[in-house]
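Undergrad: Predicted model follows, preceded by the sequence.
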Number of protein chains: 2
Amino acid sequence: MAKHISSKPHKPKKHAAEKPSRAADQLRIALVGMGTVGTSVAKILCQSSDGPLRLTHILDRDDSKRQTSWVPKNIRWAESFDEVLASDVDVVVELIGGLEPAADWIRKALLAAKSVVTANKMVIAESGADLQELAREMGQRIEFGASVAGGIPVIIGIQEGLAGDRLHEIAGILNGTCNYVLTRMEANGVGFQEALKEAQKLGFAEADPSADVEGFDARAKLVILTQAGLRTQVRTEQILCRPISLIEAVDFMYAHDLDCTIRQISLARKEASNGMFLFAAVQPALIPLSSLMAHVERNKNMVVVSGEFSEQTVFSGYGAGGDPTAVAVVSDLYSIARGAGAPQPGLSAGLEVPETVSGEFTVPHYLRFVVKDRPGIIAAVGTVLSRFGISIDAVFQKPGYGHTALPFVMTLETCSSAVLNRALEEIASLDFHVQAPLCLPILRV
Amino acid sequence: MAKHISSKPHKPKKHAAEKPSRAADQLRIALVGMGTVGTSVAKILCQSSDGPLRLTHILDRDDSKRQTSWVPKNIRWAESFDEVLASDVDVVVELIGGLEPAADWIRKALLAAKSVVTANKMVIAESGADLQELAREMGQRIEFGASVAGGIPVIIGIQEGLAGDRLHEIAGILNGTCNYVLTRMEANGVGFQEALKEAQKLGFAEADPSADVEGFDARAKLVILTQAGLRTQVRTEQILCRPISLIEAVDFMYAHDLDCTIRQISLARKEASNGMFLFAAVQPALIPLSSLMAHVERNKNMVVVSGEFSEQTVFSGYGAGGDPTAVAVVSDLYSIARGAGAPQPGLSAGLEVPETVSGEFTVPHYLRFVVKDRPGIIAAVGTVLSRFGISIDAVFQKPGYGHTALPFVMTLETCSSAVLNRALEEIASLDFHVQAPLCLPILRV
């Protein structure tokens, strides 16, 4: 094994004399943030202290954590991040979350010639490329396998395991909260609010669930996957998000009739035609029951990547939680301990910047209306759609609903969702709606 | 990027002067075997010759391959493996398959200070550990990501992506032919022979399908996964194989009634109790429809690994075929080009040798009988089972069959398959059987 130390010519050695117990080939680690993931990381590292990884410092703003009985006495509880920076640790594990001060601390750690392992999706989505460049300049590593899909080794899987392919699409269930809520709605026939309350009670959703429900959490992960897998740089705010809160129990009934179900799908697809286009969105969508994604249970995650040669490759497992996420952190630490170079793109070379980023897919669509029934409604909707060149595939109307709030569903043949949205604006202004029409793409993921 | 060349002090440089066009950081590659996978590898390498990988030699016993029009003129068609050994290539890609001469050639390549990339499951299952040791001694790499599950990055996923976990179980659908045959039987209600013939016609099964049907192909892959993921050394012949040819259309009907389906499942489970036990088998089994494995389509593969911290992680995709397997080969070449060290186990340290290897699982079971009907059959079977301490969970008998060959099914509560097999020997000797009883484990994978 190449000793990690040999690749770090600029590393300050000032503390070496004070630490005679240091094994030459052990990686000295500072853990910053002792929350759920940090606690799991500390436990794993304390259990395996005779290996190449050695936890030497912990920093947490909550002083009561210092009482944690299983933390060995020879681990130093740092007073400040400056103390961590001034120490002789080789790697800083950043697990405080949020944009600041995390981004600032990561930058400072790299500038102090320390490698960084982080689970921080916000920082990596925002400035992952810059931080990787800084790490390269400093001869250090920054690893973020834990920032997407927790314990599922998807970053290394696509960057290294599929280095020999050119990937063009990444689709995923990247938010466990949404998957939990939608699968409960499906299984129990309950509404969104009821399923969300259950998820909150069980700890699968936060008190303020908006980052999950609106798609912002999944979006940050999609940005990171798009960069790692499609070698394409996209900014968070360029990606369209639609909330899952618009879905109702009746939509699952109609979806099943179409041999489909409904999930929050994060999708990024690269297409070359007069420059490179990136189609990217996080939204609820109909997906076929024959898709593996339809069978992702509870709060698990799944990522499906499509490449020129490997076709579809699937990764799935627990995308969150202390222990699974800690596995990703510790695996990144082992990778640094091996002294391997930073992962490099294979067939797909440097990062591209797309000409256009669009959330409008050209796919079949599902439309659900709730109307005050009277003759001529389907004809009125059909007239507008046909004016926009959109063909109706089928119309479904289940019995058993009153005339004052009657749900019915249309499926549309493949059309651009941009064109469809213009048609829907007109349709929404018609006088028979009891609530706004719901429009979902039907994705063959 | 660390230059590959710098880590190879013993490398003979005798040809360097003759090849002035050599870029210092390009990895020179000899491709040995231009079959389906070899052709895909050559195509990918020829498309990306400006990157770190450079195909310089091809060896194939079929001289007509030299006419391949898209192979550039500056690639040397070697006359013999000795010529490859004597050349200045950095890496030998072995794609001839079979045990010999492949194993001998791989050994010779390593001894000649060349790294090796192979898709050869037989060689790696037989002597992977020895070859890795030899590679280490020679300062070279041997990579075999393509030997299991084709394009699915499962070896790197478990060895590096899950290095921070201790894995205790690997379950998989590792043979695309069997999965194709079983999914066709299920979808079309046809028998084994008819589904096999269709698979042969479509190229999903070989003329002699026994290595697939009997489980030997999957077994070699399970040996490799057991070593890479469970860090446990097991010999091929220690793993029990049962053929899928015993399954009939009626078994799928009963399986569905039990919310299950039937697949060829490769399973290895490590248990510690008075020494380390390895339970390992390749066999047809009932699995719940709620399992992702029940939804693996056609000839795809899936591997599910279970660890102490990450719980279950799933990898799926195309496990065979030229292009997907080539992706694994080329990805391994990129890994060598990066100059990374060989993958090292993380939390799970060196290879263990199990005290006992057993194919007998303690699980619920499915028994299917075909009998000449008369009163007292279920009582007779029940009497034997109860004498062995085995409890019946339920009995199912579908209408519509004649009395001369009546199928019925029993499910059994959790019991050791070793004990059950002894009971079944007695039951088989009873006089009402039209064919031998079928016994399948019900696995919660």
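TA: Looks like it came in fine.
Undergrad: what about the residue nearest the centre of chain A, which helix or strand?
TA: Nearest to the mean C-alpha position of chain A, counting by Cα atoms, centre = their mean, stands residue A:221 at 2.9 Å. Using DSSP states H and E, residue A:221 sits within helix A:216-230.
Undergrad: Which secondary structure elements does the helix or strand following that helix sit against?
TA: Going down the chain from helix A:216-230, the next helix or strand is strand A:240-241, by DSSP H and E. Using 3 or more Cβ pairs under 8 Å, 6 or more residues apart in numbering or on different chains; DSSP states H and E, the elements in contact with strand A:240-241 are strand A:276-288. For glycine as for every other residue, the C-beta is placed from the backbone atoms N, C-alpha and C.
Undergrad: Would you mind measuring from the residue nearest to the centre of chain A to residue A:127?
TA: 15 Å (Cβ to Cβ, to the nearest Å).
Undergrad: Could you do residue A:240 as well?
TA: For residue A:240 relative to residue A:127 (Cβ to Cβ), the value is 22 Å.
Undergrad: for residue A:64, same thing?
TA: 32 Å.
Undergrad: Comparing these two, which residue is more hemmed in?
TA: residue A:127 (16 against 7; other Cβ atoms under 10 Å in any protein chain shown).
Undergrad: show me the contacts for the more buried one.
TA: residue A:103 (Cβ atoms under 8 Å, 6 or more residues apart in numbering or on different chains).
Undergrad: and the angle for the helix or strand harbouring it with helix A:216-230?
TA: Taking DSSP H and E as the criterion, residue A:127 maps to helix A:121-137. Angle between the axes of helix A:121-137 and helix A:216-230 is 30 degrees (criterion: axes from the mean of the first three to the mean of the last three Cα atoms, to 10 degrees).
Undergrad: Would you mark the buried spots in helix A:121-137?
TA: A:121-128, A:131-132, A:134-135 (16 or more other Cβ atoms under 10 Å in any protein chain shown).
Undergrad: Tell me how many other residues surround residue A:39.
TA: 21.
Undergrad: which SS state does it fall under?
TA: What DSSP: H, G, I helix; E, B strand; the rest coil gives for residue A:39 is helix.
Undergrad: Wait, it touches residue A:325, no?
TA: No: the criterion here is Cβ atoms under 8 Å, and residue A:39 misses it with residue A:325 at 11.0 Å.
Undergrad: any idea of the pLDDT on the nearest residue to residue A:445 once chain neighbours are set aside?
TA: Closest residue to residue A:445 apart from its sequence neighbours, by Cβ to Cβ, 6 or more residues apart in numbering or on different chains: residue A:171 at 4.3 Å. Note on residue A:171: pLDDT of 98.
Undergrad: Which element, helix or strand, includes residue A:171?
TA: Assignment of secondary structure by DSSP H and E places residue A:171 within strand A:167-173.
Undergrad: before we move on, what about residue A:187?
TA: In this assignment (DSSP H and E), residue A:187 forms part of helix A:176-188.
Undergrad: Can you spell out which helices and strands pack onto that helix?
TA: Identification of packing neighbours for helix A:176-188 by 3+ Cβ pairs under 8 Å, 6+ apart yields helix A:192-201, helix A:210-213, helix A:249-257, strand A:260-272, strand A:300-307.
Undergrad: Deepest-packed of those, please.
TA: strand A:300-307 (a mean of 25; mean count of other Cβ atoms under 10 Å in any protein chain shown).
Undergrad: Just want the angle from the helix or strand just after it to strand B:300-307.
TA: Next helix or strand after strand A:300-307 toward the C-terminus (DSSP H and E): strand A:311-318. If you take the same axes, to 10 degrees, strand A:311-318 sits at 20 degrees to strand B:300-307.
Undergrad: Within its sheet, name the partner strands of strand A:311-318 and how each one runs.
TA: Counting by DSSP bridges, the strands paired with strand A:311-318 are strand A:300-307 (antiparallel), strand B:311-318 (antiparallel).
Undergrad: Quick check: mean pLDDT of the last one?
TA: Across strand B:311-318, pLDDT averages out at 96.
Undergrad: Right, I'll call it a day here.
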